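Undergrad: Pasting the sequence and the predicted coordinates here, then a few questions.
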Amino acid sequence: MAVVNSNFELNIVSFNMKGFHQGFSGVSELVEQCKPDLFIPQEHWLTSDRLYMFDKFFSGYFNVGSSAMSKIIEKGMLRGRLGGVTVLINNSLRMVTQTIHCDERYVVIKIANYLFVYVYLPCVGTCDRTMICDDILDDICAWYERFADGELLIAGDFNVDLDNVADACDRNIC
């Protein structure tokens, strides 16, 4: 996806890795072919102490992100979706990039005149899903109000089936 306005253009690519080691070759190929400004690797499944692997293997990019794996590992055996958000940003954008907020469900980054939000919403069946989504969306709105001097871009894994009205209307807004 290319996002353009009169001042700036961003080339953004997103890819579901289904685990760092499983998706590494796909990410490498996409980075080489598309040369994106922002690369959004979904479901990397790395612990916080292993996020450095993005920096190590993709030296043309710097990594802004976090992992939800630590909390899950503390609970015992790994089950279900693991969360965490990471954005790889081309080194050429370092001087116009500011990290605004980063936690296990979303990251907010200001790049030139864009406020970029990458979000990982809980999947259907997650306990307190509606409350989690409400909290995340409220937080994103607050960040946008605070940094509303540019364009807003939201991307990510929304974990919603738009063909299923009940799933898409979980917040009773339809």
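TA: Arrived safely, thanks for sending. Numbers count the residues shown, from 1 in each chain.
Undergrad: From the contact counts, what lies against the helix ranked longest in the chain?
TA: Secondary structure of the chain per DSSP state H: the longest helix is helix 129-146. Where contact means 3 or more C-beta pairs under 8 Å, 6 or more residues apart in numbering; DSSP states H and E, helix 129-146 is packed against strand 97-102, strand 106-111, strand 114-120. Every C-beta, even on glycine, is put in place using the N, C-alpha and C of the backbone.
Undergrad: would you list those in a markdown table and tack on mean pLDDT and distance to residue 138?
TA: Below are those laid out as a markdown table (pLDDT from 0 to 100; distance: least, C-beta to C-beta, whole Å):
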| stretch | mean pLDDT | distance to residue 138 |
| --- | --- | --- |
| strand 97-102 | 95 | 13 |
| strand 106-111 | 95 | 11 |
| strand 114-120 | 93 | 12 |
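Undergrad: Switch those strands over to TSV; also include mean neighbour count and distance to residue 63.
TA: Rendered in TSV, the data for these read as follows (neighbours: other C-beta atoms under 10 Å; distance: least, C-beta to C-beta, whole Å):
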stretch	mean neighbour count	distance to residue 63
strand 97-102	15	10
strand 106-111	22	10
strand 114-120	23	12
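Undergrad: Out of these, the one nearest residue 135 is which?
TA: Checking the helices and strands packed on helix 129-146 against residue 135 by C-beta to C-beta gives strand 106-111 as the closest, at 10.3 Å.
Undergrad: just the angle between the closest one and helix 129-146, please?
TA: 20 degrees (axes from the mean of the first three to the mean of the last three C-alpha atoms, to 10 degrees).
Undergrad: Taking their axis directions, strand 106-111 and strand 97-102 sit at what angle?
TA: 160 degrees.
Undergrad: hmm, back to that, turn the helices and strands packed on helix 129-146 into CSV, including distance to residue 127.
TA: Below are the helices and strands packed on helix 129-146 laid out as CSV (distance: least, C-beta to C-beta, whole Å):
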stretch, distance to residue 127
strand 97-102, 24
strand 106-111, 19
strand 114-120, 16
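Undergrad: Helices of this structure, start to end?
TA: So, for the chain - with DSSP H - the helices run 20-34, 52-57, 69-74, 129-146, 165-168.
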